[in-house]
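Enquirer: need a structure here:
(chains A and B)
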Amino acid sequence: MQMPEPDQQIMARRDAICAALRQLVPAASVVSSAEGRRAYDADGLSAYRQLPLAVVLPETVEQIAAVMKYCHAEGIKVVPRGAGTSLSGGALPLADAVLLGLGKFNRILDIDYANRCVVAQPGVTNLAITHAVQDQGFYYAPDPSSQIACSVGGNVAENSGGVHCLKYGLTTNNLLGIELVTIEGEILRLGGKHLDAGDYDLMGVMTGSEGLLGIVSEVTLRILQKPATQRALLVGFDDTAAAATAVGDVIGAGIIPAGMEMMDGLAINAAEDFVHAGYPRDAAALIIVELDGPAVEVDALIERVAKIMDRAGASSLKVSTSEEERNLFWAGRKSAFPAVGRISPDYLCMDGTIPRRRLPDMMVLMATLSQKYGLRVANVFHAGDGNLHPLILFDANQPGELARAEDFGADILRGCVEMGGVLTGEHGVGVEKRDLMTIQFTEDDMKQQQRLKCAFDANHLLNPGKVFPHLHRCAELGRLHVHKGKMPFPDLPRF
Amino acid sequence: MPKINNLDEAAEAVLDAQQQKHRLELRGLGTKTGIGNQPVYDACLDVSAMQGIVDYQPEELVLTVRAGTTLSAVEAALDKANQMLAFEPADLSALLKSKSTGTIGGVLATNLSGPRRLTAGAARDFLLGFDAVSGRGERFKSGGRVMKNVTGYDLSKLICGSYGTLAVIDEVTIKTLPRPETSLSLLFESDDMASAVALIAGIFASPHEPGAAAILPQPVAAAAGIDLAADFVVVIRLEGIALSVDDRAGHLRGMGGTGGTVETVPQALSETLWRRIRDVDLLADHAGDIWKLSCPPASAPQIIAAIEPHFDMAFYADWAGGLLWLAGPSGADFGNALRAALTLHGGGHAQLMCDRGNSKQLIPALQPLPPAQASLSKRVKAAFDPLGVLNFGRMHDGI
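Expert: Prediction:
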């Protein structure tokens, strides 16, 4: 992975920069020692590591603004970091960049039941929001699998989803407001406790911008009342194509389950070995469907879904009759990653999305690629929305296997785009999929995205080297085409 | 008026306009030209010919359609598959005195959402991707045709509610949802706004899944054909399968509080009532301007209390109190008072939706932005449309 060439002049000024930062934040909030910085050298994509120039851990929004102002004035790059759980390298440090950690922003500021929202600092964990409001029966809907550790600020940066986003949406659909610090150190408030505004939806575009547009210093999140009942079905199929059809049939029948997950044979067996959830070992595909809502509704829909599954050719079907059993159904799915970790020294977790009807084609493609690369692949899917998580099994100690696994993964993602899907459903582009962006987007598509970046950060100081494979200078991006041999408005000043 | 059939022609038209130093007004069916500020333009560009459903896969919950397609054509196609646009776009034709409900592109450009916005999300939550030509005259696309996608910036959010100031859009991909099998409404009596808002908060703090919530003051309720004596009527809509709706209605009827009447409105009447709430039908006869105010739901009573004594006005609330539709005197005073009240009571946005005098010359239709946000928004505009070719000034000064 090629990162932008570090600026040697900035690196040479490291001590002076740390000293300057200590004037802006409490001295202990600047980490300059090598061992101190090492704790921040990677995020959840741990194959890539880099010591940052310095780590700064501000405590107030004014301190963030001061750090940003200083870095902007001095031309120093800034990499924002929440809890560091990104799976795509979004918080990977750069050798010549200040790593701005938001770990000290760990307070919930306002629980507002009358307006059904929570105002929190960005370093608060996802699950802590639910914990803060559950005694009143409320919860925060987006539930990425890392929710015990990941921060809500990071959720905004990555537009995190979860197993329930089919029904309840991603972060962007549950976010009411943010406070934002720009690279110039300006503090903006976007949205709030109201629903709509009459400006460009800058909050919407900040969501999922992977730390390239600004620092989120506060969030206002919508909270919902917990559904009265949750029940799940565990359905086995001998044939993946039939399972994929069954998923479409459920939605076609007008039912939006709270979650609809699918696993293939290898994942089923790995999970069963690990947690003994009672999964059908001989099934080619396993579907977990969860329904939530009032008890009478859940009971009625469970019956409807069971009929649909039956008609689609299910080979086994169980309905949860207790919370214990429902949790057991989920236990295998939720431990799929560590379970696969037990059957292989290493694995790569991919994250593409396809139109759901193409799932059988995707299974064929993966089987072909698996043979070609001589590597096994286990599959877990958020089947309801077509989001795939193939786990490519390899052994990093075997020379060349990591590279082969990476090539395998790239081919899968290429297949996703060819089938009408996208490179990443929820993990983000980061550094991991940066160089694959050209598969999905034309040069013009990406240039337009980067022009938006220029509106927020004209000097490319925020998290450079992420998301976009080629960095274009903003002045170059701003040039207009010469149309029919003439420049438009030749007398207008350009800057 | 030049009429374009595709994005190649759009690019040519935009580049020609740049060349001639012209600004363009983008026009679909022209039904929403009254919304927003008056743009500065030299010529119109008719985008209404870009019509037709490109791809619709009900089991995928995904519809790809050209932006000039009429909203009614889109809704008819979804209806056949028992699906809907869950954000429930309003038909403002009666209010705006326009001939039709306009195009899907116009709905997205104005981010118009109806009563279900409270629980299902706004238009901006349902746009998954689009193809466009920027004000630079260049083609680009963003997003995709799948529901879950975080590849690159989410420009769909930016395009929704941008009033055509950034790009000319053609194909848009929208997330669809199944239509609920049944629905009904419950009417609760309430003595004042504060207790109405509190009643709704209580209902939303229950697990009985209200889908929409409006507050109608007595005269508005009477105009809607509701025969209840209370000063305020709270309308709660429940949707879903019949078993569930009946069960939840049973639970909620018990939440009416101090002995006020609770009435049940059956499906057909309930649908009519919510259509009238959605389409601002209930204020259409008022002679004044119509304002739309988005505020924290719990602030609605204070905002009304601050305004009502000073103006000859009518109003009602949707979105559990978070959306106030108000009819008030033309001119700048009413809007200024609304914006001042908002600032004092939790913030939000007040927009002049229907100007029946010459109010727009006296007060901006969209709430002015704080300086830092205004300059960022201008830079965003310039990133797509550096010369200000598209709908210049429709949203804000210079945007």
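
Enquirer: just want the residue of the stretch 1-150 of chain A that's nearest chain B.
Expert: Nearest residue of the stretch 1-150 of chain A to chain B: A:Ala114, at 3.8 Å (C-beta to the nearest C-beta). The way it works is simple: take the backbone N, C-alpha and C, and place the C-beta from them, glycine included.

Enquirer: need the contact list for that residue.
Expert: Residues in contact with A:Ala114 (C-beta atoms under 8 Å, 6 or more residues apart in numbering or on different chains) are B:197-198, B:201, B:297-298.

Enquirer: is A:Ile255 in a helix, a strand, or coil?
Expert: coil (DSSP: H, G, I helix; E, B strand; the rest coil).

Enquirer: find the residue closest to it in space, skipping its chain neighbours.
Expert: A:Leu301 (5.8 Å; C-beta to C-beta, 6 or more residues apart in numbering or on different chains).

Enquirer: before we move on, the earlier item: which of the three states applies to the residue of the stretch 1-150 of chain A closest to chain B?
Expert: coil.

Enquirer: gap between A:Ala65 and A:Leu369?
Expert: 48 Å (C-beta to C-beta, to the nearest Å).

Enquirer: residue closest to the middle of chain B?
Expert: B:Leu112 (2.2 Å; C-alpha atoms, centre = their mean).

Enquirer: tell me, how many residues neighbour the nearest residue to that residue once chain neighbours are set aside?
Expert: Nearest residue to B:Leu112 in three dimensions, chain neighbours excluded: B:Pro89, at 5.2 Å (C-beta to C-beta, 6+ apart). For B:Pro89, the neighbour count with other C-beta atoms under 10 Å in any protein chain shown is 26.

Enquirer: my guess is B:Pro89 is in a helix, correct?
Expert: No: under three-state DSSP, B:Pro89 sits outside any helix and is assigned coil.

Enquirer: hmm, B:Val107 and it touching each other?
Expert: Yes: with contact defined as C-beta atoms under 8 Å, B:Pro89 and B:Val107 form a contacting pair (4.6 Å).

Enquirer: which residues do those two both contact?
Expert: B:71, B:123.

Enquirer: I'd say A:Ser315 and A:Leu234 touch.
Expert: No: the criterion here is C-beta under 8 Å, and A:Ser315 misses it with A:Leu234 at 11.8 Å.

Enquirer: just to be sure, A:Leu176 is in a helix?
Expert: No: with three-state DSSP as the criterion, A:Leu176 is assigned strand and is not in a helix.

Enquirer: let's verify the residue of the stretch 101-250 of chain B found nearest chain A: helix, strand, or coil?
Expert: Closest to chain A within the stretch 101-250 of chain B is B:Lys157: 2.6 Å, counting by C-beta to the nearest C-beta. At B:Lys157 the chain is in helix, as set by three-state DSSP.

Enquirer: how about it, nearest residue that isn't a chain neighbour?
Expert: Nearest non-adjacent residue to B:Lys157, counting by C-beta to C-beta, 6+ apart: A:Gly204, 2.6 Å away.

Enquirer: okay, now the one you found: neighbour count?
Expert: 28.

Enquirer: and if you look at B:Lys175?
Expert: 20.

Enquirer: picking up where we left off before, output the contacting helices and strands for whatever helix or strand the residue nearest to A:Ile255 lives in.
Expert: Element membership for A:Leu301 (DSSP states H and E) is helix A:295-311. When contacts are defined as 3 or more C-beta pairs under 8 Å, 6 or more residues apart in numbering or on different chains; DSSP states H and E, helix A:295-311 packs onto strand A:229-237, helix A:240-252, strand A:285-293, strand A:316-319, helix B:242-253.

Enquirer: ok, which of those comes nearest A:Val119?
Expert: Ranking the helices and strands packed on helix A:295-311 by proximity to A:Val119 (C-beta to C-beta) places strand A:285-293 first, at 26.4 Å.

Enquirer: roughly how far does the residue in chain A positioned nearest to chain B sit from B:Leu155?
Expert: At 2.6 Å from chain B, A:Gly204 is the closest residue in chain A, using C-beta to the nearest C-beta. Using C-beta to C-beta, A:Gly204 is found at 9 Å from B:Leu155.

Enquirer: over to A:Ala157?
Expert: Counting by C-beta to C-beta, the gap from A:Ala157 to B:Leu155 is 17 Å.

Enquirer: compare the two and say which is more crowded by neighbours.
Expert: A:Ala157 (30 against 27).

Enquirer: contacting residues around the more buried one?
Expert: A:80, A:82, A:90, A:208-211, A:216.

Enquirer: check contacts around the residue nearest to the centre of chain B.
Expert: B:89-90, B:92, B:123.

Enquirer: more neighbours: A:Ser315 and A:Leu234, which one.
Expert: Using other C-beta under 10 Å, the more surrounded residue of A:Ser315 and A:Leu234 is A:Leu234, with 25 against 17.

Enquirer: surely the more buried one touches A:Trp330?
Expert: No: with contact defined as C-beta under 8 Å, A:Leu234 does not count as touching A:Trp330 (9.5 Å).

Enquirer: shared neighbours, the two?
Expert: In contact with both A:Leu234 and A:Trp330: A:Ile288, using C-beta under 8 Å, 6+ apart.
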